[in-house]
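Asks: What follows is a predicted structure for the sequence shown.
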Amino acid sequence: MTTETVVLLVIVGVIVTAIALHLIAIAATLRTITTTLTKVKGGAQSIKGQTEPVNAVITAIAGDVAAIDDDLEGLLMMVGEAQAAAAAAEEPPPPPKPARRTPAARRTQPRPAGAPVSDGEVVIQDIVDFDDEALDPQRPSMQEAVARARSGV
């Protein structure tokens with residue numbers, strides 16, 4: 001064997017070794033990927049199992065949505081017909097003007113004590129200062145004044 005043949009065999013051996021190491025590294029990476037994909041597959045199957053009951057609910061909701069859509073279309077048709085009928089109808093007559101009321105006469109003088117009260121009139125007692133209640137026994141307390149006003153006396 002000549003030197004050239006030996007060098008050629010060494011170079012071929014180095015190339016084959018490099019390719020073998022590269023293939024071994026690819027095999028190790030593929031093994032890691034296989035492990036990861038097995039875990040992902042298990043998780044996806046678990047999710048599928050947990051979401052199977054949702055399919056029936058979604059189907060029922062889709063049926064309800066279709067019924068609601070049909071009802072809304074019917075309602076829109078009815079509203080359109082009502083609007084067309086209202087547009088075709090005659091203009092209603094204007095409402096009558098409200099009757100004018102004359103205001104009640106106002107008093108300039110306070111009502112004397114014990115004066116009779118007419119129907120619908122409210123009596124309000126004039127109580128200005130409550131600090132001197134203890135000094136003036138004839139002046140009613142606030143509670144008494146309210147009770148008198150409610151009773152109409």
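Replies: Thanks, I have it.
Asks: neighbours around V14, how many?
Replies: 10 (other CB atoms under 10 Å). From N, CA and C alone the C-beta is placed, and that goes for glycine too.
Asks: check which helix or strand covers it.
Replies: With secondary structure defined by DSSP states H and E, V14 is part of helix 3-88.
Asks: what mean pLDDT does that helix have?
Replies: Average pLDDT, helix 3-88: 91.
Asks: could you dump the helix or strand following it to PDB, C-alpha only?
Replies: For helix 3-88, the following helix or strand on the C-terminal side (DSSP H and E) is helix 142-151. This file holds the C-alpha atoms of helix 142-151, laid out as PDB (Å, rounded to 0.1, in the frame of the first residue of the first chain):
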ATOM      1  CA  MET A 142     -93.000  70.900  67.300                       C
ATOM      2  CA  GLN A 143     -94.500  67.400  67.800                       C
ATOM      3  CA  GLU A 144     -97.800  68.900  68.900                       C
ATOM      4  CA  ALA A 145     -97.800  71.400  66.000                       C
ATOM      5  CA  VAL A 146     -97.200  68.600  63.500                       C
ATOM      6  CA  ALA A 147    -100.000  66.500  65.100                       C
ATOM      7  CA  ARG A 148    -102.400  69.400  64.900                       C
ATOM      8  CA  ALA A 149    -101.600  70.100  61.300                       C
ATOM      9  CA  ARG A 150    -102.100  66.400  60.400                       C
ATOM     10  CA  SER A 151    -105.400  66.200  62.200                       C
END
